[in-house]
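Here is the input, now give the coordinates:
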Amino acid sequence: MRDQADCPVTPKAALIARRRALLSTFDGPALVAAGRAPARNYPANPYGFRANSHFLYFAARPMEGAALLFHDGKCTLLAQPPDPEDALWHGPRPTFEALADALGVDDVKSVGDAAQIVGSLDDVATLPPQDEATARWVSGLLGRTVTAGGGASLEGVDAALADAVISLRLVHDEAAVAQMRFAAAVSVEAHRAGMRATRPGAGEQATYAAMVDVFRRHGCEDAYPPIVTVHGEVLHQHAHDGATADGDLLLADVGGESPEGWAADITRTWPVGGSYSGSQRAIYDVVLEAQRRAIAAATPGRRYRDVHETAKRALVEGLVELGILRGEVDGLIERGAAALFFPHGVGHIIGLDVHDMEDLGDRAGYAPGRERAEAFGDAFLRLDRDLAPGMAVTIEPGFYQVPGILADERLTAAVGDDLRRDALAAFADVRGIRIEDDVLITDGGNEVLTGALAKEASEVEAIVRSG
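Sure thing, here's the model as predicted:
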C-alpha cells in the first residue's frame, strides 16, 4: 500500500528547467497567477484552494494569491508576506528567503508590490485566471480586461504565451511522469477498493466512499468530480445517491490528483452482483477490444484522430457481429452508426489538468490548422495532434444506450433499419460501459500508466466477489 510519504516531490532543478525553458521560448514579460479559493457562503469559509495548473507547473506549490513574473530572463515570485497572526490561524508561512531557496526562483517579493513591479513593464502577457477575483486583480495590474476562463479568445501576447506554455506542457519531463505514476497507482488502488465495496443494496454511495477514502489516506484530492453510477448512459452523472441491485452494472470514472496537482483518470464498469450477464459480457468484450486496438494505435507520430477512428471501427465491427448493426462496416461508420452508441471522443490529453490545458481552448488540443469535426460524436473529440514521446493521453471508448439519442430521428435516420432495434432489445441490461486508461507515449510505443488495474471481465468479477 502506498501512502503520502511515497509521493514524489518535484526537484528544484526540474522547476528551474521548466522556467528557463519558458524564458527561452517566450520573448516578453509574463504573469502567471495562482488564483484564489472562492467562498462557500461567506469569506472566512472558503472552498479548498487548488492553484492554477500553469502556476503549479512552474512552482509545484498551491500558494493562494501568489503569482510568477517572468521578465528579463528571470523569474520573480510574488507571494503573500509572512504575518504575525499566521502562527495562530494558519501556521507560520516560510520567509521569502526560504521560498527563494526551495523553489529556485531568482527573487521573491511581496504581492503587495505587484502593481509597482508589473506597472514598470510593457506588454505583459498572462494566461486566463481560474476565478473572477484573480481576473479582476490581474486586469488591474495590466490595465486591460482579462477574463477568467477566457482561453478560447486569446490574442496578441497572451496567445503567444499560451502557445509557448502549451509546447512545454504537452511533453512531460521525468518529474511530471513520476507525479502521474503516483496518481495512477493511488487511483488503481481506489478502483479496487470500489469494486470490493460494491454489492446489491449497498448503494452507489458505498462505492464512492470507499474510493474517495483511498485518495484521502494518500494525501490526494479528486482530480475531477467522481462519477460512480448504475446509470452509465449519463456521461457526467455526479450524484451518488442511486440504489445498486443485482443485475446492474456500475460505472466508475474516478481519478486522483497528487498533492502537486497531477491527475489520473480511470474508468471501469463492473457488475454489482459480481457476474456479468451474457448480454453484458458480450458488449463489455466489444468495448474492451475497441480500447485494446486504440491503445495499440497510440504510438509516436500517429494522429490522435486516427486513434479515435480505430476505436469507432472496432466498436462497429463488434456490434455487427452481435447483430445490433447490419451492413458493411465502412458504410455504417460513414453514416454515423458509431456515434449512436459512442457519442464522444476516445480521450484527451492528461497532466496537471484531467483535461489538460482545456482552459486555453482548442489551441491546446488541436494542432494548428486542425479544427473540430462537425459530425455528431466526432465533434466532441478533444484532441487532434500527432502523438509524440512524452505526451500522455486517455483512451476511453464506450457503449451507451442513451434514450435521447436512439429516439432522435435526426441522428438515427442515416442508419435506418440497419440499426436492428429488435436485436438491441436483448441488451436492455446494458445502460453504459466505458473502459479508460492513461497512456504515456514513449519512443518505442506507449506505456499504460494505469495498466495494473484489471479489465478482463473475469478478473474484474473476481475482485468484486472478493469484497
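
Tell me where the stretch 51-200 of the chain has strands.
Taking DSSP state E, counting those that start in this stretch as the test, the strands found in the stretch 51-200 of the chain are 67-71, 74-79, 107-110, 125-126.

Now distance to Ala425 too, for those, in a markdown table please.
C-beta here means a position set from N, CA and C on the backbone, and glycine is covered the same way. As requested, those are exported to a markdown table (distance: least, Cβ to Cβ, whole Å):
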| stretch | distance to Ala425 |
| --- | --- |
| strand 67-71 | 58 |
| strand 74-79 | 62 |
| strand 107-110 | 66 |
| strand 125-126 | 55 |
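
Could you tell me which residues make contact with Tyr47?
Contacts for Tyr47 were tallied using Cβ atoms under 8 Å, 6 or more residues apart in numbering; they are 37-40.

Now render those as CSV, adding pLDDT.
As requested, those are exported to CSV (pLDDT from 0 to 100):
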residue, pLDDT
Ala37, 94
Pro38, 91
Ala39, 90
Arg40, 91
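
Run through the neighbouring helices and strands of the helix ranked longest in the chain.
The residue-count maximum for a helix in the chain (DSSP state H) belongs to helix 174-197. Contact analysis of helix 174-197 by 3 or more Cβ pairs under 8 Å, 6 or more residues apart in numbering; DSSP states H and E lists helix 204-217, strand 249-254, strand 256-257, strand 266-271, strand 437-442, helix 457-466 as its packing neighbours.

Compare these and give me the one nearest Val32.
Comparison of these against Val32 by Cβ to Cβ identifies strand 256-257 as nearest, at 19.5 Å.

circling back to that earlier point, may I see the buried residues of the longest helix of the chain?
175-195, 197 (16 or more other Cβ atoms under 10 Å).

Kindly report the same for stretch 364-371.
Judged by neighbour count (16+ other Cβ under 10 Å), stretch 364-371 contains these buried residues: 364-366, 370.

again with stretch 243-260
Buried positions in stretch 243-260, judged by neighbour count with 16+ other Cβ under 10 Å: 244, 248-260.

Also stretch 392-412?
Within stretch 392-412, the residues that qualify as buried are 392-402, 405-406, 411-412, counting by 16+ other Cβ under 10 Å.

sorry, back to before: quick one: buried ones out of the contacts of Tyr47?
Going by neighbour count (16+ other Cβ under 10 Å), the contacts of Tyr47 have Ala37 buried.

quick one: which of the contacts of Tyr47 is nearest Arg50?
Proximity of the contacts of Tyr47 to Arg50 was ranked by Cβ to Cβ; the top entry is Ala37 with 7.9 Å.

So the residue nearest to the spatial centre of the chain versus Thr229, what's the distance?
Averaging the C-alpha coordinates of the chain gives a centre point, and the residue nearest to it by Cα atoms, centre = their mean is Val354 (1.5 Å). Here the criterion is Cβ to Cβ, to the nearest Å. By it, Val354 lies 18 Å from Thr229.

which of the buried residues of stretch 392-412 sit farthest apart?
Looking at these by Cβ to Cβ, the two members farthest from one another are Ala392 and Thr412, with 35.6 Å of separation.

So what's the predicted local confidence for the residue of the chain most remote from its centre?
Distance from the C-alpha centroid of the chain, by Cα atoms, centre = their mean, peaks at Pro84 (38.9 Å). Reading off the per-residue confidence, Pro84 sits at a pLDDT of 83.

Could you measure from it over to Met391?
Where Met391 is concerned, Pro84 sits at a distance of 47 Å (Cβ to Cβ).

what does His308 give?
Between His308 and Met391 the distance, using Cβ to Cβ, works out to 15 Å.

Equivalent analysis for Leu325, please.
Separation of Leu325 from Met391 (Cβ to Cβ) stands at 33 Å.

next one: Gly91
With the distance defined as Cβ to Cβ, Gly91 ends up 38 Å from Met391.

ok, those two, which is more surrounded?
In this view Gly91 and Met391 are compared by other Cβ atoms under 10 Å, and Met391 has more residues nearby, 24 against 7.

Isn't the more buried one up against Ile349?
Yes - applying Cβ atoms under 8 Å as the test, Met391 and Ile349 come out as touching, 6.7 Å apart.

element containing Asp306?
helix 304-321 (DSSP states H and E).

pLDDT (mean, whole number) over that helix?
Average pLDDT, helix 304-321: 98.

buried sites along the next helix or strand after it?
On the C-terminal side of helix 304-321, the nearest following helix or strand under DSSP H and E is helix 329-334. In terms of neighbour count (16+ other Cβ under 10 Å), helix 329-334 has its buried residues at 329, 332-333.

I'd like those as JSON lines, with pLDDT and distance to Ala133 appended.
As requested, those are arranged in JSON lines below (pLDDT from 0 to 100; distance: Cβ to Cβ, whole Å):
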{"residue": "Val329", "pLDDT": "98", "distance to Ala133": "53"}
{"residue": "Leu332", "pLDDT": "98", "distance to Ala133": "51"}
{"residue": "Ile333", "pLDDT": "98", "distance to Ala133": "47"}
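
Name the nearest of those relative to Gly104.
When these are compared for distance to Gly104, the smallest value, 51.4 Å, is given by Ile333; criterion: Cβ to Cβ.

Now do the contacts for the closest one.
So Ile333 contacts 312-313, 316 (Cβ under 8 Å, 6+ apart).

Distance of it relative to His348?
If you measure Ile333 against His348 using Cβ to Cβ, the figure is 22 Å.

hmm, back to that, can you pick out the most distant pair from the buried residues of stretch 243-260?
Pairwise distances across the buried residues of stretch 243-260 (Cβ to Cβ) peak at 36.7 Å, for the pair Asp248 and Glu260.

domain assignment for the protein?
Using automatic domain parsing, the domain ranges for the chain come out as 4-169, 174-466.

Just say which of those domains is most tucked in.
Among these, domain 174-466 has the highest mean neighbour count (mean count of other Cβ atoms under 10 Å), at a mean of 20.

Does Gly301 touch Arg385 like I think?
No - in this structure, Gly301 is not within contact of Arg385 by Cβ under 8 Å, at 11.1 Å.

Using CSV, write out every CA atom in the helix or strand of the chain with the lowest mean pLDDT.
Taking all helices and strands of the chain together, the one with the lowest average confidence (mean pLDDT, DSSP states H and E) is helix 86-89, at a mean of 81. Coordinates of the C-alpha atoms in helix 86-89 are reproduced here as CSV (Å, rounded to 0.1, in the frame of the first residue of the first chain):
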residue,chain,number,x,y,z
ASP,A,86,-0.3,33.3,10.7
ALA,A,87,1.0,31.3,13.6
LEU,A,88,-2.4,31.4,15.3
TRP,A,89,-4.7,30.9,12.4
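
so how far is it from its chain's centroid?
Average the C-alpha atoms of helix 86-89, do the same for its chain, and the two points are 35 Å apart (Cα atoms, centre = their mean, to the nearest Å).

All set now, cheers.
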